[in-house]
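Q: Below are the sequence and a predicted model for it; my questions follow.
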Amino acid sequence: MATDADYIAKVTQQHDQKPNFVATVTASVNPFVQIQEVLRQIQIVFNVDTAIGSQLDVIGEWVGASRTVPVPITGVFFSWEDSAQTGWGAGIWIGEGNSSNELSLLDDDDYRAMIKGKIEANRWDGTIPGAYRTLDAAFGVTAGIRIHDNQNMSQTVKVPSGSLNTIQRALISQGMLNIKPAGVSQTVTTA
């Protein structure tokens, strides 16, 4: 990143010893140096990989992804029961804006995954390989997930147990991560 000193260093020998000239150059370039720094900070703050909270909400608005889940997701919060979905290492903590048994607002990590998937879905060409690219962008996994075109304006998405968590599965089944062509019905099943 260029600084005032970088521009002053470019002043020729015949003017670099004149304080008024150096002060004029400094006053002229300083606003541009500050603008460059602000633009650099914006790029850092609104990077989808590092953004948090309200910055992530802004990115979501840009790509058309909402943090609010249209149909609250149940069975995702941590419980003391020894369960594969909600036990140790699997369940999530109840966050702000969620009731005691339903998830209606996505946390930053799940929202970030949905935003990445939505970005890829916005470029999607409607093909099944394109849907796999969208799933990979969102969840980093396509292994075992199979999308089957039933040849009757419907498709079936078969998700193997354990490949996606409850929230990720709900994002697909609720259409928040749209991986189906327009006019086609979709069924999400767990294999």
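A: Perfect, thanks for sending it. Everything quoted here is computed from the prediction, not taken from an experiment. Numbering: from 1, shown residues only.
Q: contacts and neighbour counts: CA atoms only from here.
A: Will do.
Q: What's the separation between I52 and T68?
A: I52 sits 16 Å away from T68, taking C-alpha to C-alpha, to the nearest Å as the criterion.
Q: In terms of neighbours, single out the busier of the two.
A: Each of I52 and T68 has its neighbours counted (other C-alpha atoms under 10 Å); I52 has more, 19 against 15.
Q: surely the more buried one meets D107?
A: No: assessed by C-alpha atoms under 8 Å, I52 is found out of contact with D107, at 9.6 Å.
Q: List the buried residues in the lengthiest helix in the chain.
A: Longest helix in the chain, counting residues (DSSP state H): helix 19-45. Neighbour-count burial for helix 19-45 flags 22, 26, 33 (criterion: 16 or more other C-alpha atoms under 10 Å).
Q: In JSON lines, list the residues you listed along with pLDDT and distance to V48.
A: What follows is the buried residues of helix 19-45, written out as JSON lines (pLDDT from 0 to 100; distance: C-alpha to C-alpha, whole Å):
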{"residue": "V22", "pLDDT": "89", "distance to V48": "41"}
{"residue": "T26", "pLDDT": "90", "distance to V48": "35"}
{"residue": "V33", "pLDDT": "92", "distance to V48": "25"}
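Q: Show me the shaky parts of this protein.
A: 73-104, 143 (pLDDT under 70).
Q: so where do the helices sit in it?
A: Assigned helices in the chain, in chain order: 4-8, 19-45, 54-63, 108-122, 128-139, 166-173 (criterion: DSSP H).
Q: need those in a markdown table with distance to Q151, can you?
A: Formatted as a markdown table, the helices of the chain follow (distance: least, C-alpha to C-alpha, whole Å):
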| stretch | distance to Q151 |
| --- | --- |
| helix 4-8 | 64 |
| helix 19-45 | 44 |
| helix 54-63 | 31 |
| helix 108-122 | 22 |
| helix 128-139 | 13 |
| helix 166-173 | 20 |
